[in-house]
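[1] Quick one, structure for this:
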Amino acid sequence: MDNNKRKLTEKELKRKNDFEKISSEMQQKGYKIKNMTINIRQANFLGPLSMLPFIALTFLFYYNVNGFDLGEISLGFVVAAFLFIPLTILHELIHGVTWGFFAKNHFHSIDFGFIWSSFSPYCTCSEPLEKWQYLLGTAMPTLVLGGGAAVVSVMTNQLLLFILAEYMILSGGGDFLIILKSMLYRTDKQESVYCDHPYECGFVVFEK
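    Got it, this is the predicted structure:
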């Protein structure tokens, strides 16, 4: 989110100041900064759209193995609606647990919040991480709550679990865009670390 379009919260301002200190230290070590942020409104639209192929594939997989009962589908969507908030919170917690495991300061480097202007919950890690660590933490909620749950639902013929898995795949769209942006980025630099942007959707690459 553009700093000029919304007022930063007290927590975001603190993270911004901490990030500027980290940036200064990294530049003194010879690192250059590459901003890899995404407009959050675009992410809220393009993210779910980009996950539709994955949703279609898992849908066909479940249908070919178990089929569908229309009555169960209706009930499943009603129950899933009540689990919307708990699952969203769990999604962010998994981000935090994964990044916190790799961070030197562990969970002291993890922060949670909510951007009311775009109705977007978030989890952020203020500490630079190796690329694979950062991307694994980005992907982990969708892998566990989406892909993992979908596989279990097919194996156990649990339609409600499948519907929840589809929702979690859809909600991982913003994370997928971040991973895709990283995969498409090409550089000839030998060293790089990834750090969450302190108040925008996306990350910053420090490289040299």
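[2] my read: G172 touches T138, true?
    No: using C-beta atoms under 8 Å, G172 and T138 do not qualify as a contacting pair, with a distance of 9.2 Å. All C-beta spots, glycine's among them, are computed from the backbone N, C-alpha and C.
[3] Leaving out chain neighbours, which residue sits closest to the residue most central in space within the chain?
    Of all residues in the chain, the one closest to the mean position by C-alpha atoms, centre = their mean is D175, 3.5 Å from it. In space, not counting the residues next to it along the chain, D175 is nearest to T138; the distance is 5.0 Å by C-beta to C-beta, 6 or more residues apart in numbering.
[4] and what of N35?
    Computed as C-beta to C-beta, 6+ apart, the closest residue to N35 that is not its neighbour in sequence is V204, at 5.8 Å.
[5] Look at the one you found and say how many residues are nearby.
    Summarising burial for V204: neighbours were counted as other C-beta atoms under 10 Å, giving 22.
[6] and it, which of the three is it?
    The three-state label given to V204 by DSSP: H, G, I helix; E, B strand; the rest coil is strand.
[7] What residues does it make contact with?
    When the contact criterion is C-beta atoms under 8 Å, 6 or more residues apart in numbering, the partners of V204 are F19, S23, I33, K34, N35, M36, T37, Y194, C195, D196, H197.
[8] Which single one of the residues you listed is nearest to V144?
    The shortest separation between V144 and any of the contacts of V204 is 19.7 Å, and it belongs to D196 (by C-beta to C-beta).
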